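> Give me coordinates for this.
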Amino acid sequence: MFEGFGRRVVDAGAGVGIAVRTGGRGPALLLLHGHPQTGAMWHRVAPALAQRFSVVIADLRGYGDSSKPAGGGDHAAYAKRTMAADMVATMGALGHDTFEVLAHDRGARVAHRMAADHPGRVRRLVLLDVAPTLAMYEGTTEAFARAYWHWFFLIQPPPLPERLIEADPAAYVRDVIGRRDAGLAPFAPEALAEYERCAALPGAAHAMCEDYRAAAGIDLVHDRADRDAGRRLAQPLLALWGARGVIERCFDPLAEWRRVADDVRGEALPCGHYIAEEAPEALLARLARFLR
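So this is what the prediction gives:
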């Protein structure tokens, strides 16, 4: 799926290895995936982006072939602050002191925190089919809770959700991604097989749960501290979301991002949640205008 890309594991510090694919030439562009996927989700757009950028496709901590450390009582090992620091360290190790970010779903939450905590490193960011975590939790409705059931399943105390996922990881992946608007049709067999393989790796179920437990706890503490202090993102931000997705139905993503960032633009694209796999050409067209 990634002809011409190299693959390696980068030491991000504290014993954590981040698996990356790298390819292309030009300004640095970091791609971050969502749940329950891996960097393989970018296979339909990465080759085109590599014609203009030095593309780094990372597996987030806890996902894919990256390290999966145990969580802790406060879930800080999977705080978006911690995961953002992983990415800054990884990009630095690859020789990229500043970079742009294209991120989907959970990766977009990491990108949000990275832009807030490391403003000198992130030049621009494109966030796909998310509203800010704090806005989504504080604005939870019955419709949102039913559609994003996994948010509330995964944060249950261990080991219940881990045990249920580990009983059939492939079924969990297919249920999460296949219950959206387009079903399983958008996913290439090779990509789907990669998501299923990685969900079955030792520690993967626990890591996915810890990602969400952190989002419902320590991440909200960090987000509220930013709000109370009036800290906002200064980088140009492009928000794109699916016209047939839950974000469109339950939130006003431009309004929510403008609550936390100064320079926001965006629009809905003719697809559901998985923009890079459902509408790659539409995504590339918007990126060409925004990522200069």
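> quick one: residue 124 is in a strand?
Yes: under DSSP: H, G, I helix; E, B strand; the rest coil, residue 124 sits within a strand.
> OK, contacts around it?
100, 101, 235, 236, 237, 238, 290, 291 (CB atoms under 8 Å, 6 or more residues apart in numbering). C-beta: built from backbone N, CA, C; applies to glycine.
> could I get the residues you listed as CSV with neighbour count?
Shown next, in CSV, are these (neighbours: other CB atoms under 10 Å):
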residue, neighbour count
100, 22
101, 29
235, 18
236, 18
237, 25
238, 21
290, 18
291, 20
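> secondary structure class for residue 228?
Under three-state DSSP, residue 228 falls in the helix class.
> Please read off the pLDDT at it from the model.
Residue 228 carries a pLDDT score of 98 in this model.
> From residue 134, how far off is it?
11 Å (CB to CB, to the nearest Å).
> more crowded one of these two?
For residue 228 versus residue 134, neighbours defined as other CB atoms under 10 Å are more numerous around residue 134 (21 against 8).
> Look at the more buried one and tell me its secondary structure.
Under three-state DSSP, residue 134 falls in the helix class.
> repeat for residue 66
At residue 66 the chain is in coil, as set by three-state DSSP.
> What's the end-to-end length of stretch 56-66?
In stretch 56-66, first residue to last residue: 14 Å (CA to CA, to the nearest Å).
> Okay, and which of the contacts of residue 124 map to helices?
residue 290 (DSSP state H).
> how about the contacts of residue 124 in a markdown table, adding pLDDT and distance to residue 29?
Shown next, in a markdown table, are those (pLDDT from 0 to 100; distance: CB to CB, whole Å):
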| residue | pLDDT | distance to residue 29 |
| --- | --- | --- |
| 100 | 98 | 5 |
| 101 | 98 | 7 |
| 235 | 98 | 14 |
| 236 | 98 | 14 |
| 237 | 98 | 15 |
| 238 | 99 | 13 |
| 290 | 98 | 11 |
| 291 | 96 | 7 |
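> Reformat the contacts of residue 124 as TSV; add distance to residue 173.
Below are the contacts of residue 124 laid out as TSV (distance: CB to CB, whole Å):
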residue	distance to residue 173
100	29
101	25
235	32
236	34
237	29
238	28
290	31
291	30
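> What is the end-to-end distance of stretch 244-258?
OK, stretch 244-258 end separation, CA to CA: 22 Å.
> List the buried residues in it.
Residues 244, 245, 246, 247, 248, 250, 251, 253, 256, 257, 258 are the ones in stretch 244-258 that count as buried (16 or more other CB atoms under 10 Å).
> cool, and stretch 224-234?
The neighbour-count check on stretch 224-234 (16+ other CB under 10 Å) flags 226, 233 as buried.
> hmm, who's touching that stretch?
Residues contacting stretch 224-234 (CB under 8 Å, 6+ apart): 112, 115, 116, 119, 125, 134, 260, 261, 262, 263.
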